[in-house]
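>>> below is the structure, and that's it, no one-letter string:
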């Protein structure tokens, strides 16, 4: 049985390979109340998840070879942008404030702030700036995965074992860090649900 999907192409050429899905993109985010006495611990849990997300990005950034050029240099700049966003007050102080004021768990507070920021970018007229909502989603997802203790992993859709044959990665979205980690895996093409011609993935 064949499955046809339509999308927007962002690069030339044709790729043929075994499809692999990058799992862990769809996050089930719980929402629950936090007792007054547990607020400090919840804030600490958020800060620790943010710190782990930062360490992961820094580790991926350190794997890039010195004297970068071309697309690798661009990827390094995108990772640096995500590192800056992780420390941006709009994503940090606002989440902490929501945890305390609404007595909300860290995951739900992060989701609320993510959605609010993405809505702001969505209203921008400039297409490039509007596409930066994807950065907000990607950075937020990295922290959320640390809070939820969920990892992303590859699985061959057909159910057979992975081979060294060229693969086509299907994912909800890919970050610059994901692309660095996939660079040595014999990837022939990428298909994502989110993003577009102006996205960092493109």
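Perfect, thanks for sending it. This is a predicted model, so every value here is computed, not measured.
>>> would you map the strands across the chain?
If DSSP state E is used as the criterion, the strands of the chain fall at 18-23, 153-156, 167-171, 187-192.
>>> make a markdown table out of those and add mean neighbour count, distance to residue 44 and mean pLDDT.
C-beta here means a position set from N, CA and C on the backbone, and glycine is covered the same way. Rendered in a markdown table, the data for the strands of the chain read as follows (neighbours: other Cβ atoms under 10 Å; distance: least, Cβ to Cβ, whole Å; pLDDT from 0 to 100):
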| stretch | mean neighbour count | distance to residue 44 | mean pLDDT |
| --- | --- | --- | --- |
| strand 18-23 | 17 | 29 | 80 |
| strand 153-156 | 12 | 28 | 51 |
| strand 167-171 | 20 | 31 | 86 |
| strand 187-192 | 17 | 34 | 85 |
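>>> so for residue 11, which of these sits nearest?
Each of the strands of the chain was scored for nearness to residue 11 using Cβ to Cβ, and the closest is strand 187-192 (8.5 Å).
>>> if we can go back for a sec, okay, the strands of the chain in a markdown table with distance to residue 60 next?
A markdown table is the format used below for the strands of the chain (distance: least, Cβ to Cβ, whole Å):
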| stretch | distance to residue 60 |
| --- | --- |
| strand 18-23 | 15 |
| strand 153-156 | 16 |
| strand 167-171 | 16 |
| strand 187-192 | 16 |
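>>> what sits against the residue nearest in space to the middle of the chain?
For the chain, residue 138 is the residue whose C-alpha lies nearest the centre (Cα atoms, centre = their mean; 2.9 Å). With contacts taken as Cβ atoms under 8 Å, 6 or more residues apart in numbering, residue 138 has the following neighbours: 82, 173, 175.
>>> isn't the second one up against residue 192?
Yes. With contact defined as Cβ atoms under 8 Å, residue 173 reaches residue 192; the gap is 5.4 Å.
>>> now do the shared contacts for the two.
Common contacts of residue 173 and residue 192 (Cβ under 8 Å, 6+ apart): residue 201.
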